[in-house]
Each structure stands twice: as C-alpha cells, then as structure tokens.
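>>> with the sequence up front, the predicted model follows.
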Amino acid sequence: MGAIFSALIAGLVLEKCGCKITMLISVAITFLSFVLIATAKIYEIPAVMIASRAMMGVTVGFCMPSATTYVRIFLGLKLIVKMIKTALYY
C-alpha cells in the first residue's frame, strides 16, 4: 500500500532533486524502518511494528523509480544491451 503512493511522490522528488538525493532519502527511511522493527521486536509493540512495515513499503516505492533511472543513466543503454547479449550466449 505504501509503495503505491510513495512511487508518485518519488517521481516529483526525482524531477526536483535528482536520482542521488532520492536514493539517499530512500536509504534514510530504510534505516529508520529497520531500527523501528528491531525496537518493536525487542519491546513487543505491535503498533510500531505495523508502522515500520508500512515505512518499508514506502521505501520500496520510493527507491524503485530512482534506482532504475540511476542505473539507466550511469550504465548507459549500450552496456546493458551488451550484457544481455553476453548472457544470452551462455
């Protein structure tokens, strides 16, 4: 659920800030979510566990558009095509 809405927001952030900033925001949200999951498991707080799982969904939705754009820009289309051709021959 969180991935659907955060992908829309990620598109806006990608246009305004770029790939690198969007990825850094995604990493920060992921780290916070992992910390919340760990503390919720230790103290057995179900509401925090549910909130941190929702944050993880937001992270996935936020990260995917920026990761695919980042890879496409920095690897280049020719390199990707060459890698696919090489993989198909083996």
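Done, it's in.

>>> could you list every helix and strand in contact with the lengthiest helix in the chain?
For the chain, the longest helix by residue count, based on DSSP state H, is helix 46-75. Using 3 or more C-beta pairs under 8 Å, 6 or more residues apart in numbering; DSSP states H and E, the elements in contact with helix 46-75 are helix 2-17, helix 19-43. Every residue, glycine included, has its C-beta placed from N, CA and C.

>>> okay, those in JSON lines with mean neighbour count and mean pLDDT next?
Listed next are the helices and strands packed on helix 46-75 as JSON lines, based on neighbours: other C-beta atoms under 10 Å; pLDDT from 0 to 100:
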{"stretch": "helix 2-17", "mean neighbour count": "15", "mean pLDDT": "84"}
{"stretch": "helix 19-43", "mean neighbour count": "15", "mean pLDDT": "87"}
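
>>> chain center to the longest helix of the chain, what's the gap?
The chain centre lies 3 Å from the centre of helix 46-75; the measure is C-alpha atoms, centre = their mean, to the nearest Å.

>>> how about it: buried residues?
Judged by neighbour count (16 or more other C-beta atoms under 10 Å), helix 46-75 contains these buried residues: 49, 52, 55-63, 65-66, 69-70.

>>> average model confidence for it?
For helix 46-75, the mean pLDDT works out to 80.

>>> quick one: list the elements packing against the helix or strand that comes right after it.
Moving toward the C-terminus from helix 46-75, the next helix or strand (DSSP states H and E) is helix 77-89. On a contact count with 3+ C-beta pairs under 8 Å, 6+ apart, helix 77-89 meets no helix or strand.

>>> which of the buried residues of helix 46-75 lies closest to Ala40?
Met49 (4.1 Å; C-beta to C-beta).

>>> touching, the closest one and Ser33? I think so.
No: using C-beta atoms under 8 Å, Met49 is not in contact with Ser33, being 10.6 Å away.
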